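Undergrad: please find the sequence and the predicted model below.
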Amino acid sequence: MGRVSQITTVEFDRLFVGVNNGIAVRASLGGSFQHTHLGMQAIAIARSDNKIWARSASALFVSTSPGVVWSSAMPIPSSIKILPKEQFALAATDGFAYMVATKSPGETACGGNDILVVFNAATGSWSTQEVLSSDLETWHQERKGKPGDPHTCDGTGSDGSVEGRRFIKSIRLSDLTLSNVVGQRIQIIYGSGQDVWRARGQASDGMITDWNWMVGTHGPGYPNRDPVHANIWDFHVYPSLAGCTAWVAGDGGVYTLTVPNPDCEVPANRT
């Protein structure tokens, strides 16, 4: 099957492996893998309630089987500039798939503004949205005495740098008392190298209504919001029933954040 690029599991021991010419699926524990040829390397995989999504560097694929039959390639428009370091990012709901990009130069002083890339499954259309956070806007006003600026930014440096990783992922919580919508049971997490953002809600066109600031790293020139070493490489939310526990991994090790809110809303006055 060639080089493995990503491994993703879903319920019932079903395992998806991205390889250099498609997807390999193991339907059950101990079973054999069945390979689907997509004609290009699958570098990221995500699941939603009823679909499995995969992407290459230049296209998106979706399966409703799940994973038995895949769509034809849905090309990412050439007008949407996604850097090589951003190509391994994918999140999804049934109606929309999400990727990351950067607007450079942007309004921020770092590597450029964070951009959310949105694919609408109903219309087959692509769009982009700047990642804006009311939390960040308020923090600028209260902590720095400056006019509020909601623009979040790419903190990973140049495309060849090693200052954290840019990612987006979707996680489903176990608490069935939460509404099955983005910001409640469905969590969409955006990592920008020095910060982690959580989607608070999703509009009917797939756009995210606001971003909750979960983590901001510490150090010269960094956000200095949390006692977390600079350069974040990964983030995971444990889908438990009692509160919300998250882990962030970076150059300084692994840190734990626990908040009482079952929807993982991180308050501004956390410690």
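TA: Structure received. Because the structure is predicted, anything quoted here is derived from the model rather than measured. Numbers count the residues shown, from 1 in each chain.

Undergrad: separation between residue 210 and residue 152?
TA: According to C-beta to C-beta, to the nearest Å, residue 210 and residue 152 sit 11 Å apart. In short, each C-beta sits where N, CA and C put it, glycine included.

Undergrad: what does residue 78 give?
TA: Using C-beta to C-beta, residue 78 is found at 25 Å from residue 152.

Undergrad: ok, the two, which is more surrounded?
TA: Here residue 78 and residue 152 are compared on neighbour count by other C-beta atoms under 10 Å; more neighbours surround residue 152, at 27 against 7.

Undergrad: thinking that one is in contact with residue 129, fair?
TA: No. Using C-beta atoms under 8 Å as the test, residue 152 is too far from residue 129 to be in contact (11.5 Å).

Undergrad: list residues touching both of residue 210 and residue 152?
TA: Listed as contacting both residue 210 and residue 152 by C-beta atoms under 8 Å, 6 or more residues apart in numbering are 132, 133.

Undergrad: low-confidence bits of the chain, can you list those?
TA: Counting by pLDDT under 70, the chain contains low-confidence residues at 1-13, 106-109, 159-161, 269-271.

Undergrad: quick one, domains of it?
TA: Domain ranges of the chain: 1-75, 78-271, per automatic domain parsing.

Undergrad: can you give me how far the longest one is from the chain middle?
TA: Shown here is domain 78-271, whose average C-alpha point lies 7 Å from the average C-alpha point of the whole chain (C-alpha atoms, centre = their mean, to the nearest Å).

Undergrad: tell me the spacing between residue 259 and residue 59.
TA: Spatial separation of residue 259 from residue 59 under the definition C-beta to C-beta is 37 Å.

Undergrad: check residue 207 too.
TA: Computed with C-beta to C-beta, the distance linking residue 207 and residue 59 is 22 Å.

Undergrad: can you report phi and psi for residue 141?
TA: In this entry, residue 141 is assigned phi and psi values of phi -70, psi -40 (degrees, to the nearest 10).

Undergrad: what does residue 187 give?
TA: When read as degrees, to the nearest 10, the backbone of residue 187 gives phi -110, psi 130.

Undergrad: tell me where the stretch 51-200 of the chain has helices.
TA: With helices called from DSSP state H, counting those that start in this stretch, the stretch 51-200 of the chain shows them at 134-143.

Undergrad: in it, which spans are strands?
TA: Counting by DSSP state E, counting those that start in this stretch, the stretch 51-200 of the chain forms strands over residues 52-55, 59-63, 74-75, 91-92, 96-103, 113-120, 125-130, 166-172, 186-192, 195-199, given from the N-terminal end onward.
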